[in-house]
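> Just the structure for this:
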Amino acid sequence: MEKENHTFDIQPAERLSSVSEYYFSRKLKEVARMNAEGQDVISLGIGSPDMPPSDETIRVLCETARQPDVHGYQPTVGIPELRQAMAAWYRRFYDVELNPDTEIQPLIGSKEGILHVTLALVNPGDQVLVPNPGYPTYTSLNRLLGSEIVPYDLLEDQQWQPDFDALEKMDLSRVKIMWTNYPNMPTGANATPELYRRLVDFARRHNLVIVNDNPYSFILNEHPLSILQVPGAKDCCIEFNSMSKSHNMPGWRVGMLATNARFVQWILKVKSNIDSGTFRPMQLAAAQAYRNSDEWHEAMNRTLYRSRRHLAEEIMRTLGCTFDPAQVGMFLWGRIPDSYTDVEELTEKVLHEARVFITPGFIFGSNGARYIRISLCAKEEKLAEALQRIKNII
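Residues are numbered from 1 along each chain as shown. Coordinates of the predicted model:
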């Protein structure tokens with residue numbers, strides 16, 4: 001019997017047309033090809049800490065993973081030991097009181113949290129305020145979920161803080177969420193108590209929710225702040241915090257959100273239908289990491305990054321870029337010279353001639369189009385070698 005010649009034509013969901021492959025996913029493939037060719041590219045692109053967690057954290061993971069009764073499914077809400085450690089950490093460093101039973105939700109990471117919070121709070125067609133420049137996932141995930149993106153400007157001459165006068169002139173009647181991120185990525189602008197007070201006031205008056213992404217507050221920052229320090233903030237704010245940056249645990253995928261009990265329950269409805277609880281030994285190890293000493297945080301989050309930052313600043317100067325020395329966090333953000341037509345003229349030259357990968361700022365939004373970002377997640381000898389390679393081509 002003759003087989004029918006039939007073309008099987010399946011099309012992707014229409015939502016995929018609104019996003020592209022994540023820049024780093026695409027660009028790191030190119031870097032991998034160059035390395036396979038023997039070019040030995042030094043990556044100063046992504047913010048993946050290159051040092052391990054504390055010894056005690058690793059010990060707890062190894063010891064508990066050997067126990068025979070820890071390998072089953074875990075509660076989506078997280079184990080009590082982890083939630084209690086998270087609450088104690090907020091009390092210790094931010095002087096914020098959280099009920100570990102009702103006001104904390106462990107996460108697999110902030111990306112997951114962005115998805116769950118949006119599903120819990122935003123209907124398709126509702127508006128969300130997204131910073132420009134800002135973390136690309138705020139935009140891409142909200143587009144995938146059918147939210148209407150309303151960018152708001154962050155500008156260098158305003159210290160990369162929201163222009164509240166401009167925001168007040170906008171029609172905010174359909175806005176459900178305002179995404180914020182301080183200390184800011186990519187710009188390194190720090191939070192201030194006044195900024196947080198203004199954000200809370202803005203949210204209360206306009207009946208919207210501030211979601212503040214706060215994973216960088218311990219890195220090169222003497223005074224970590226939380227938006228939840230503002231009286232009444234829990235009523236209208238959700239704060240993400242991640243162990244990836246502050247505890248050298250990016251691959252462990254442990255984070256949290258903190259807010260009022262009602263919001264937590266809404267988010268849990270979503271999360272419990274999408275994923276399951278994290279491996280119990282990972283949660284117990286994370287609870288131990290939250291008890292790291294002040295000396296550990298000083299050595300890792302300040303001393304280590306301070307020495308790397310000096311080299312990154314020298315790279316910026318060699319490239320002719322200008323930057324704010326008051327930046328905090330694990331990146332250095334700088335403006336490129338006017339002599340370059342666009343930022344990729346500089347970053348592609350550095351990649352292909354000096355074999356150093358640095359991030360062009362346009363991936364964070366149009367207001368980043370004349371900027372570059374250098375990651376401090378490389379050992380000093382690699383940063384020093386990158387500096388020398390760049391000096392050789394400039």
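
> Which residue ranges make up each domain of this protein?
28-44+295-393, 55-289 (automatic domain parsing).

> Relative to residue 14, which of those is closest?
domain 55-289 (10.3 Å; Cβ to Cβ). Placement of C-beta: from N, CA and C, glycine included.

> next one: that closest one to chain centre, how far?
In terms of Cα atoms, centre = their mean, to the nearest Å, the centre of domain 55-289 is found 9 Å from the chain centre.

> mind checking which of the domains of the chain is nearest residue 11?
Of the domains of the chain, nearest to residue 11 by Cβ to Cβ is domain 55-289, at 16.5 Å.

> What is the lowest-mean-pLDDT helix or strand in the chain packed up against?
The weakest-scoring helix or strand in the chain, judged by mean pLDDT, DSSP states H and E, is helix 23-36 (a mean of 84). On a contact count with 3 or more Cβ pairs under 8 Å, 6 or more residues apart in numbering; DSSP states H and E, helix 23-36 meets no helix or strand.

> Tell me which stretches of the stretch 201-350 of the chain form helices.
Under the criterion DSSP state H, counting those that start in this stretch, the stretch 201-350 of the chain contains helices at 233-236, 243-246, 261-271, 280-289, 294-297, 305-318, 343-349.

> how about those, which one is nearest residue 74?
Between those, helix 280-289 lies closest to residue 74; by Cβ to Cβ that is 5.3 Å.

> which strands and helices sit next to the closest one?
Packed on helix 280-289, when contacts are counted by 3+ Cβ pairs under 8 Å, 6+ apart, are helix 55-65, helix 80-94.

> can you dump the C-alpha coordinates of the last one into CSV?
Extracted in CSV, the C-alpha atoms of helix 80-94 (Å, rounded to 0.1, in the frame of the first residue of the first chain):
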residue,chain,number,x,y,z
PRO,A,80,10.3,24.8,59.1
GLU,A,81,14.0,24.9,59.7
LEU,A,82,14.6,26.8,56.5
ARG,A,83,11.8,29.3,57.0
GLN,A,84,13.0,30.0,60.6
ALA,A,85,16.5,30.5,59.4
MET,A,86,15.3,33.0,56.7
ALA,A,87,13.3,34.9,59.3
ALA,A,88,16.3,35.0,61.7
TRP,A,89,18.5,36.3,58.8
TYR,A,90,16.1,39.1,58.1
ARG,A,91,16.0,40.0,61.8
ARG,A,92,19.8,39.9,62.1
PHE,A,93,20.8,41.9,59.1
TYR,A,94,17.7,44.1,58.3
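
> Whichever helix or strand comes after it packs against which elements?
Using DSSP states H and E, the helix or strand that directly follows helix 80-94 along the chain is strand 104-107. Taking 3+ Cβ pairs under 8 Å, 6+ apart as contact, the helices and strands that strand 104-107 lies on are helix 80-94, strand 255-258, helix 261-271.

> could you redo the ones you listed as JSON lines and give each row mean pLDDT and distance to residue 120?
Shown next, in JSON lines, are the helices and strands packed on strand 104-107 (pLDDT from 0 to 100; distance: least, Cβ to Cβ, whole Å):
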{"stretch": "helix 80-94", "mean pLDDT": "97", "distance to residue 120": "19"}
{"stretch": "strand 255-258", "mean pLDDT": "96", "distance to residue 120": "11"}
{"stretch": "helix 261-271", "mean pLDDT": "97", "distance to residue 120": "4"}
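
> highest average neighbour count across those?
Most buried of the helices and strands packed on strand 104-107, by mean neighbour count (mean count of other Cβ atoms under 10 Å): strand 255-258, with a mean of 26.

> which stretches of the stretch 101-250 of the chain form strands?
104-107, 127-132, 148-153, 175-181, 209-213, 237-242 (DSSP state E, counting those that start in this stretch).

> close enough to count as contact, residue 296 and residue 54?
Yes - using Cβ atoms under 8 Å, residue 296 is in contact with residue 54, at 5.5 Å.

> Do you know the pLDDT at residue 6?
We have a pLDDT of 64 for residue 6.

> Ok, the one 4 residues further on next?
Model confidence at residue 10, expressed as pLDDT, equals 88.

> got it, and residue 73?
At residue 73, pLDDT is 91.

> if I pick the closest residue to residue 286 other than its chain neighbours, what's in contact with it?
Distances taken as Cβ to Cβ, 6 or more residues apart in numbering put residue 254 closest to residue 286, at 4.5 Å, once the chain neighbours are dropped. If you count contacts by Cβ atoms under 8 Å, 6 or more residues apart in numbering, residue 254 has them with 106, 107, 108, 109, 242, 243, 278, 282, 283, 286.

> on that earlier part again, same list, the domains of the chain, but as a markdown table with distance to residue 22 please.
Formatted as a markdown table, the domains of the chain follow (distance: least, Cβ to Cβ, whole Å):
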| stretch | distance to residue 22 |
| --- | --- |
| domain 28-44+295-393 | 9 |
| domain 55-289 | 7 |
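
> For stretch 97-115, measure first residue to last.
26 Å (Cα to Cα, to the nearest Å).

> For that stretch, buried residues please.
98, 100, 103-115 (16 or more other Cβ atoms under 10 Å).

> Which elements pack onto whatever helix or strand residue 389 lives in?
If you go by DSSP H and E, residue 389 is part of helix 380-393. The contact analysis (3+ Cβ pairs under 8 Å, 6+ apart) places helix 380-393 against strand 42-43, helix 305-318, strand 356-357.

> Great, nothing more from me.
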